[in-house]
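Using only what follows, build the 3D model:
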Amino acid sequence: MSEPAARPTPAERGGRTDLSYPARLPGYLASGALVGSAEVVPGVSGGTLALVLGLYDRIITGADHFVRGAVALVRPGQGWAVTRAEMRQVHWSVLLPVLVGMVAAVVLGAAAIEPLLEDYPVGMRGLFFGFIAASVAVPLRMADRMRGLRDWAVLVGAAAFAFLLTGLPPAQQAEPNLLLVALAAAVAVCALVLPGVSGSFFLLSIGLYDTTIGAVNDRDLTYLGVFAVGAVLGLGSFVRVVRWLLEHHRHVTLLAMAGLMVGSLRALWPWQTEDRGLLAPSGGLEGIGGVVVIAVLGAIVVGTLSALDARLSRKAELQDPTP
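The predicted structure is shown next:
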């Protein structure tokens, strides 16, 4: 008689309680939509949202197994047996609805979020500023506590790097070379892997953001196909590095993530010039009072999600004795 299958651990469930799959499905779709929405907003990291929503470890693990399985197909002496074994390790019941939600949000967000950013840039940046500021607590909580001067050096160093990076003036690319598109996608997809890094912001920095948004709205399959290939290659080369860091140097890696998130707040300072020069708060409808209220609302939303996820994670750990 075969042994019964082991119950999934809290980590495998993403820190959620034992609800039936149909009950969890809308949550997975909504979570994917939130992550996808972040991917079309410069300065906001999809990886940050995945971290807040409790999906980060599962996405990293699933992407790693998927890449291993894909590589096995072209590696001599492995083939389908290894590919099948790796693909079975991917939690498709979670990742597929998350992916569907992401794709839908990117398509809709390209049409809906961009006009909001154009019409209400100060207010939208204020909202995202509060959102990311509150999100910094997530990797810091996961890292447990600061353990000395080295930890502070990692945190401050990562923040300084992100601050300088997000201060680079934007470029413009009217008709980009497709090789450049693939390379840009390979770097931008790291936003899904590394919280605090915005793929859209990187595209904006090298002048490909408007072009990419236009390709999504115009259904430019050539551009989108090249972009997708570059993203897959970038994900395959980077995800294993991040997973190794999280497995072997989790504390320091989480502190670096928190630092990147802190530094990336520069990109979301509400008052700035077109070249990203920082300005003093202005008056009127988009003055400091209204923006502070908007930022606080964004922080409350993220803080609530983070507290709820932490509570559900603790509850699941108490209910499941599996280490």
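
shaky segments in the stretch 101-250 of the chain?
Low-confidence segments of the stretch 101-250 of the chain (pLDDT under 70): 113-114, 170-174, 191-192, 195-197, 205.

again, only using 90
102-148, 162-181, 183-219, 228-248, 250 (pLDDT under 90).

residue ranges for the strands of the protein, please.
Counting by DSSP state E, one finds no strands in the chain.

At the geometric centre of it, which residue do we find?
Taking Cα atoms, centre = their mean as the criterion, Gly47 is the residue nearest the geometric centre of the chain, at 1.7 Å.

Pull up the per-residue confidence for that one.
For Gly47, the model assigns a pLDDT of 76.

shouldn't it be in contact with Tyr56?
Yes - with contact defined as Cβ atoms under 8 Å, Gly47 and Tyr56 form a contacting pair (6.8 Å). Glycine gets a C-beta too; all of them are placed from N, C-alpha and C.

I'd like the distance between the nearest residue to Ile60 once chain neighbours are set aside and Leu268.
The shortest distance from Ile60 to any non-neighbouring residue, by Cβ to Cβ, 6 or more residues apart in numbering, is to Arg243 (5.1 Å). According to Cβ to Cβ, to the nearest Å, Arg243 stands 28 Å off from Leu268.

cool, and Val100?
Distance from Val100 to Leu268, by Cβ to Cβ: 28 Å.

Average pLDDT for stretch 302-310, rounded please.
For stretch 302-310, the mean pLDDT works out to 69.

From here on, call the first residue 203.
I'll keep to 203 as the first residue from here, and by that count the last item is stretch 504-512.

Looks like Ala384 contacts Phe429 (just checking).
Yes - between Ala384 and Phe429 there is a contact at 7.1 Å, judged by Cβ under 8 Å.

Of those two, which one has the most company?
Set Ala384 next to Phe429 and count neighbours by other Cβ atoms under 10 Å: Phe429 wins out with 25 against 19.

OK, contacts around the more buried one?
Neighbouring residues of Phe429 by Cβ atoms under 8 Å, 6 or more residues apart in numbering: Val383, Ala384, Ala386, Ala387, Thr414, Ala417.

cutoff 10 Å now
380, 383-384, 386-388, 390-391, 405, 410, 413-414, 417-418, 422 (Cβ atoms under 10 Å, 6 or more residues apart in numbering).

closest to Val493 among those?
Using Cβ to Cβ, Leu405 comes nearest to Val493 of the contacts of Phe429, at 25.3 Å.

Chain neighbours aside, what residue packs nearest to the closest one?
Per Cβ to Cβ, 6+ apart, closest to Leu405 is Tyr411, 4.2 Å.

and that neighbour, how far is that from Val243?
As for Tyr411, its distance to Val243 is 10 Å (criterion: Cβ to Cβ).

which residue packs closest to Val308, ignoring adjacent ones?
Gly238 (4.7 Å).

what's the pLDDT at the one you found?
83.

Arg445 and Leu470: which is more packed in?
Taking neighbours as other Cβ under 10 Å, Arg445 and Leu470 compare with Leu470 leading, 26 against 18.

dump the residue contacts of the closest residue in space to that one that isn't next to it in sequence.
Counting by Cβ to Cβ, 6+ apart, Leu470 lies nearest to Phe331, which is 4.2 Å off, once chain neighbours are set aside. Shown in contact with Phe331 (Cβ under 10 Å, 6+ apart): 245-246, 467-472, 493-494, 496-497, 500-501.

Most neighbours among those, which one is it?
Val246 leads those on contacts (other Cβ under 10 Å) with 28 neighbours.

Surely Val395 touches Thr263?
No - because the distance of 11.7 Å does not satisfy Cβ atoms under 10 Å, Val395 is recorded as not touching Thr263.
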